[in-house]
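1. My questions concern the predicted model and sequence given below.
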Amino acid sequence: MLRGGPLSGQRRTAIRVGWQRRGDLVQAIGLLPVVSLHLRRHGYRATSAWLDERCGPGRRPADPEPVDVSRARELGMVVRLAGRAIPDATCLRRALVLRHLLGGPGSGASVRLGAKADPATGALAFHAWVTLNGAVVSEPASAVNGFVELGEGQSSPGAPR
């Protein structure tokens with residue numbers, strides 16, 4: 001095990017992820033920069049729709065294994081770990097990748113967008129997270145405390161980006 005240095009904490013987390021999640025980790029590490037570039041060039045709605053197309057018919061098994069909240073939280077941890085390795089892996093990028101890994105729109109997972117004002121300065125902070133069956137799965141639920149949900153982050157045909 002590595003001692004000291006910036007990667008030591010990540011190394012310990014990677015060991016806890018376990019070998020059964022290494023494929024998910026590799027997918028997330030590969031997908032985060034692609035999603036980042038797509039967001040910069042095409043915006044949120046187009047990127048969300050593009051990812052949804054990759055989860056459509058013929059892209060996933062006909063009867064995918066249902067994802068429970070526990071497995072979704074494990075995947076959330078894996079995506080957060082991958083985000084540490086990728087520069088500019090913002091909450092929105094991680095949320096889009098997690099929703100994709102969970103199976104896209106057919107999985108029941110939703111990207112949520114929220115905002116909160118800093119009481120001292122009035123500055124707005126924005127955040128994105130993923131829910132499944134009403135539970136926050138992309139991170140600890142306490143991370144979204146205080147955010148007012150702006151709406152479900154779904155793309156809608158014909159809407160501006």
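-> Here it is on my side, so go on.

2. What residues sit buried inside the longest helix along the chain?
-> Counting by DSSP state H, the longest helix found in the chain is helix 22-42. Going by neighbour count (16 or more other C-beta atoms under 10 Å), the buried part of helix 22-42 is 24, 25, 27, 28, 29, 31, 32, 35, 36, 38, 39. (C-beta placed from N, C-alpha, C; glycine too.)

3. Tell me which helix or strand the residue nearest the centre of the chain sits in.
-> Compute the mean C-alpha point of the chain, and by C-alpha atoms, centre = their mean the closest residue is residue 95, 2.1 Å away. Element membership for residue 95 (DSSP states H and E) is helix 91-101.

4. all strands in this structure, in order from the N-terminus.
-> 109-117, 124-132, 135-136, 148-152 (DSSP state E).

5. do you know which of those strands lies nearest residue 69?
-> With C-beta to C-beta, the closest approach to residue 69 among the strands of the chain belongs to strand 135-136: 4.8 Å.

6. ok, for residue 109, nearest residue in space, not its chain neighbours?
-> residue 102 (4.3 Å; C-beta to C-beta, 6 or more residues apart in numbering).
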